[in-house]
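S.K.: Can you look at this prediction? I've put the sequence above it.
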Amino acid sequence: MSTKIVDRKPLSFFENSYLPTLVSGLKVTWKHFKKSAIQGKPLTMEYPEQKWVVPQGYRGAPYLVKDQDNNTKCVSCQLCEFVCPPKAIRITPPGPNGAPADRKNAEKSPAEFEINMLRCIFCGLCQEVCPEEAIFLQKDYSLTGESREEMVYGKARLLQLGGIHGGIQKWKHKLEEAKEQEVFPVHAE
Amino acid sequence: MNVFDYLEPTTQFVIFSAVKIALVFGVTMTFVAYAVLAERKISAWIQDRVGPNRTAPPIAKYLPVIGPILVRLGMFQPMADGLKFLLKEDFTPAYVRKIYFWLAPAIAVIPAFLTLAVIPFGSTLGNPENKMVIADLNVGILYTFGVVSLGVYGIVLAGYASNSKYPFLGGIRSSAQMISYEIAMGMSVVAVFMVVGDLNLGAVIQYQAKYGWMVFHQPLAFVIFLISAFAETNRLPFDLPESESELVGGYHTEYSSMKFALFFLGEYAAMISASAMMVTLFFGGWTLPFISEPASSLLGGLLHIAIFIGKLSVLMVVFIWVRWMLPRFRYDQLMDLGWRRFIPLALGNILATAIVLAFISI
Amino acid sequence: MHASLNHYLVVSVLLFSLGLFGVLARRNLLIIYMGLELMLNAANLALVAFSRYNANLNGQVMVFFTITVAAAEVSVGLALIVALYRKRQTAHVEDLTSLKL
Amino acid sequence: MPDITDLLFYGFAGLALLFGFLCVANPISRSPVTSAMFLVLTIVSLAGLFILLHAFFLAAIQVLVYAGAVMVLFLFVIMLLELKEEERRKFRKFTVGAGVIAVAVIAGLLLQAVFKAVPFGTGPTVLAEGLTQPLGRILFTQYLLPFELLSLLLLVAMVGAILLTKKELK
C-alpha cells in the first residue's frame, strides 16, 4: 500500500497572519480557565480529602479474609504461592507439630503468610486459584511505607486489613452454580 | 534624612544607589518567585487542575481567615520551592567540561538582572533628586540591548559544556535564534526612539505622559517587540532551545539543583526585564493617563512604583498565558518569521515613521 | 599618575602586539581570526583615545565604521572557514598547504 | 592620590591585557571556546575603557555588536566545526620564538613612536564627549557617503556569507 499524500489547503493571508489561531487559542484557554479558576470546578480531585469511588471489580491489594465466625479461611495449601507470577507470596506451613486450624472443617492454617506488596502486580491469580476463597483482591490502591521491610505484609496485618468477608460461606455458591447447571434450558430447535 | 544631608554628595549618591540596587534586586527575586507560582497556578487552571494549594508553614494556622486562603492560593509555595532547590543534590556528570558547566548558569542569570539597571521603575521618592532608576544613562536602550545580547552566552555555554547531544543542539539553536530576534527587536524600537527623539528611557516616559502611550503611536513596533521578547526569553511558542518534547530539556538537560534553579531564575528574570522594557517603552512606565507629574510626596512616589509593578504583572500574565495558547514553532518557521517577516516589517515601520515625522516637521 | 592619552596608547600597543602574536604563533584558523579581532580592537582603542584628547569626534566615527566593517569581515571570514572546513575537514593552517582545493 | 577614574583605568586596562593574553596564548587550555570567551571578556573590558573615555555610544555598540553578535558567531562556528583535534596540538618552539621576536620588534617601534610623540601626562583640557546625538549628527552630515557605502558593504557581506556556506558551490 502506498502512502497517499493529502494536499493541504493553502492558508489565506488572514490565516497566515496567525490571528485566527491566536483567537481560537485564547478562546480555548479562557474556557478552561473560567471553569477551573472562576467557577471553581476543576477536573481533578483533591486527594486526601476527596476520594475516588472505586468501581466494582477493581483489583486492588490482595488481603486474607476471615469467615463469618472470625476464623482464618486459609488452609496453607500454597496454591497461591505457586501460581503467583512475580513470586510475591511466601507461605510458611505450620509443619507436623504446628498449631491446628482454628476452625473445625480445616486441618491447618499457615504459620506465616507474607505478601510483598512491592512485588505484587495485582493480577488476581491468587484469588482465582484459592480453593478456600481465603484471599481477595480488595479496593486498596494506595499502599505506602517508609522501608522495603514495611511493605512486606505479614499474616496478622493481612487478616486485619482483609477483615471478615461477610456472607460468603465455603462452597455455598459452588453449590448454587452446580444447581443452576442441573437445569438445562431447553431450546426449541 | 538630616544625617544624610551632612554627607558629601558623592557619598550620598553611592549610598542611595546601593540601596536602590539592593531593593530592586530583592524585589525582583521575590517577583521571580511569585512569577513561578503564577505560572504554576495559571497553567493549572488552564489545564483544569488546581495547582499548588497545600504548602503551609506552621504560622499559617494562626491566621484566622486569610491563612487558609493564602494556602489555597499557594502563597507559601515559592519558599518551599526555593528550599527544595537549595537542598537537592548538586550533581555534576563526569563527562562535562567542568569550568563552563559551572559558569554557564551564572552567566545566564547576570544579564537579565543587569538590564533592570536602566529601567525607571518610579518617578521620584522623597525629594526631586531621588530618581527611581539605578542608572540614568543617556544611551539607556543601547545598554539594554548590549546586555541582553550577552544573555545568549549562558545558554550556548551550557549547551557546549554539557558535552552531550541534546544540550548541544539546544545551545546551537538558541545562539541562532537569539541573534536573529535581537535584530528584529532592535529595529522595532528604533521607530519608537525616532518619535521620541531621545535614547534616555526617562525621556520616553515623559513623552508618553504628554502625548499618550506609545503602543497607540507604534502598534506594529509593539507587536514585533512583544513577539521578539518571547523569542529572546525562550518562552513558548519559541522555546526551541529547551523544547522538552524534542530535546528533553535542551540546554539544561544535564543540570540539577541550584544550577538548574539559576537557569530558571534567569529565564524569569529575563521575562521580568522584557516586561519592564515593554512597560517603559510602550505603556507609559509609571504614568497613568491622569497621573503624569513626577511625584512630590513620598506617597505619590510609592504609588508610581505600584503602578509600574501593576503594569509589569499584567504583562507577565500575558507571557504565562501565551504559553498555553500556541503550539511550538518549527525551527524553520521560527527563522522564517524572524528574518522574512519581522525584519522587513520593522524596516518598513521605520521608513513609514520617518516619512510621517518628516511631514509633521514641515 | 593620571591616565592620559599615552596611557591609552600604551595599552593599545600592547593589545595590538598580543593580537599579532596570536596571528603569528597560533595554528588554528579561528584563533588567528580572534587575534585579528584583537588587533582591530586595539586600533579602536587608540582611535577613541585620540578622539577624546583632541576634542574631535572624527575618531569615534572611524571606530563606528571599523566595528561595522569588522562585523562584515567576520561574517565573510567565518563563512570562508566553514567552506574550507567542508572541503578539507580541518581548520588548521599547517594542513592547508596546497594551492588548489 | 589617584582618583577613581584612574583606578578604573588601570583596572580595565589590566583586565583587557590579561584577558587578551589568555585569549591568544592561554597556558592552560588550547580550546578555541576558551579563547573566544576570553576575547569576549577583553571586548567588555575595552568597552569599560571606552566609557572612561566618555564614548558611551561606542561602548554600547562594542558590547552589542562585538560581544553580542560577532563573538556568538565565532562560538557558533566553533561548535559547528567541532574542533576537538586541534586542542591537543602543542605550540612549536620555532614559531613561538619567531612570533615573540617579531612582536617585540613591532611593539618596540610603536612604543617608541608613542613616547616620542607626546610627553606623558599632558594633553588638552577640552575633551570630547562621545554622546549619541553629536555622533549621529556628524555621522549623517560629514560622513554620510561612507555611512551609505557601509550599508552596501554589509549587504554584500551578507550575500557573500550565504553563498559561501551553501552546501554546493556552482
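M.R.: Great, that's in hand. Residues are numbered from 1 along each chain as shown, chains lettered A, B, ... in the order given.
S.K.: any idea which helix or strand carries the residue minimising distance to the centre of chain C?
M.R.: Central residue of chain C (Cα atoms, centre = their mean): residue C:37, 2.4 Å from the mean position. Assigned by DSSP states H and E, residue C:37 falls within helix C:29-53.
S.K.: How about chain A: which residue is closest to chain D?
M.R.: Going by Cβ to the nearest Cβ, chain D is nearest to residue A:16 of chain A, at 24.8 Å. From N, CA and C alone the C-beta is placed, and that goes for glycine too.
S.K.: Same check on the stretch 51-200 of chain B?
M.R.: For the stretch 51-200 of chain B, Cβ to the nearest Cβ, closest residue to chain D: residue B:149, 2.5 Å.
S.K.: Now do residue A:161: how many residues are near it, please.
M.R.: Residue A:161: 15 surrounding residues under other Cβ atoms under 10 Å in any protein chain shown.
S.K.: Quick check, it in contact with residue A:153.
M.R.: Yes: Residue A:161 is within contact range of residue A:153, at 7.4 Å (criterion: Cβ atoms under 8 Å).
S.K.: Touching both of the two, which residues are there?
M.R.: Shared contacts of residue A:161 and residue A:153, defined by Cβ atoms under 8 Å, 6 or more residues apart in numbering or on different chains, comprise residue A:63.
S.K.: Which single residue in chain C comes nearest to chain A?
M.R.: Proximity of chain C to chain A (Cβ to the nearest Cβ) peaks at residue C:75, 30.4 Å away.
S.K.: Excluding chain neighbours, what is closest to that residue?
M.R.: Nearest residue to residue C:75, sequence neighbours excluded (Cβ to Cβ, 6 or more residues apart in numbering or on different chains): residue D:161, at 4.5 Å.
S.K.: what number of residues lie near the one you found?
M.R.: Neighbour count for residue D:161, taken as other Cβ under 10 Å: 21.
S.K.: repeat for the one 3 residues further on
M.R.: Burial measure for residue D:164: 19 neighbouring residues, criterion other Cβ under 10 Å.
S.K.: wait, what's in contact with it?
M.R.: Shown in contact with residue D:164 (Cβ under 8 Å, 6+ apart): C:76, C:79-80, C:82-83.
S.K.: one more time with 6 Å
M.R.: Listed by Cβ atoms under 6 Å, 6 or more residues apart in numbering or on different chains, the contact set of residue D:164 reads C:79-80, C:83.
S.K.: what does residue B:85 give?
M.R.: Applying Cβ under 6 Å, 6+ apart to residue B:85 gives the contacts B:258, B:261.
S.K.: Report the secondary structure state of it.
M.R.: Of the three states, residue B:85 takes helix under DSSP: H, G, I helix; E, B strand; the rest coil.
S.K.: Can you check the pLDDT for residue A:89?
M.R.: pLDDT, residue A:89: 90.
S.K.: just residue D:153 next, same as before
M.R.: With respect to pLDDT, residue D:153 scores 90.
S.K.: so where's chain C uncertain?
M.R.: Flagging of chain C using pLDDT under 70 yields the residue ranges C:1-3, C:101.
S.K.: Residues of it that sit close to chain B?
M.R.: Residues of chain C found near chain B (Cβ under 6 Å from any Cβ of the partner chain): none.
S.K.: what about the longest helix in chain C?
M.R.: Ordering each helix of chain C by length in residues (DSSP state H) puts helix C:58-88 first.
S.K.: Can you tell me the centre-most residue of the chain?
M.R.: Defaulting to chain A. For chain A, the residue nearest the mean C-alpha position is residue A:59 (1.5 Å; Cα atoms, centre = their mean).
S.K.: sorry, should have said chain D
M.R.: By Cα atoms, centre = their mean, chain D has its centre lying nearest to residue D:43, at 5.5 Å.
S.K.: The helix or strand containing that one near chain C at all?
M.R.: In this structure, residue D:43 sits in helix D:32-52 according to DSSP H and E. Yes: counting by Cβ under 6 Å from any Cβ, chain C is contacted by helix D:32-52 at D:32, D:35, D:39, D:46, D:50.
S.K.: Could you identify which of the residues you listed has the most neighbours?
M.R.: Busiest of the residues of helix D:32-52 next to chain C [other Cβ under 10 Å] is residue D:46, holding 31 neighbours.
S.K.: Pretty sure that one sits against residue D:16.
M.R.: Yes: using Cβ atoms under 6 Å, residue D:46 is in contact with residue D:16, at 5.5 Å.
S.K.: Tell me where the model's unsure across chain B.
M.R.: Low-confidence segments of chain B (pLDDT under 70): B:1-7, B:123-131, B:291-292, B:294-296.
S.K.: Taking it, what residue is nearest to chain C?
M.R.: residue B:179 (11.1 Å).
S.K.: how distant is stretch D:131-140 from the center of its chain?
M.R.: Offset of stretch D:131-140 from its chain centre (Cα atoms, centre = their mean, to the nearest Å): 22 Å.
S.K.: Put the alpha carbons of that stretch into PDB.
M.R.: The C-alpha coordinates for stretch D:131-140 follow below in PDB (Å, rounded to 0.1, in the frame of the first residue of the first chain):
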ATOM      1  CA  LEU D 131      27.300  61.200  23.300                       C
ATOM      2  CA  THR D 132      24.900  59.800  20.900                       C
ATOM      3  CA  GLN D 133      23.400  63.000  19.400                       C
ATOM      4  CA  PRO D 134      26.600  64.800  18.300                       C
ATOM      5  CA  LEU D 135      28.000  61.500  17.000                       C
ATOM      6  CA  GLY D 136      24.800  60.900  15.000                       C
ATOM      7  CA  ARG D 137      24.900  64.500  13.700                       C
ATOM      8  CA  ILE D 138      28.500  64.100  12.400                       C
ATOM      9  CA  LEU D 139      27.700  60.700  11.000                       C
ATOM     10  CA  PHE D 140      24.800  61.900   8.900                       C
END
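S.K.: Give me the residues contacting that stretch.
M.R.: B:139, B:199, C:57, C:60-61, D:57, D:147.
S.K.: Residues of chain D that sit close to chain A?
M.R.: Not one residue of chain D sits near chain A, judged by Cβ under 6 Å from any Cβ.
S.K.: so residue B:275 sits right up against residue B:313, yeah?
M.R.: No: applying Cβ under 6 Å as the test, residue B:275 and residue B:313 come out as separate, 8.4 Å apart.
S.K.: Give me the more crowded residue out of those two.
M.R.: Of the pair residue B:275 and residue B:313, residue B:275 is the one with more neighbours under other Cβ under 10 Å, namely 26 against 17.
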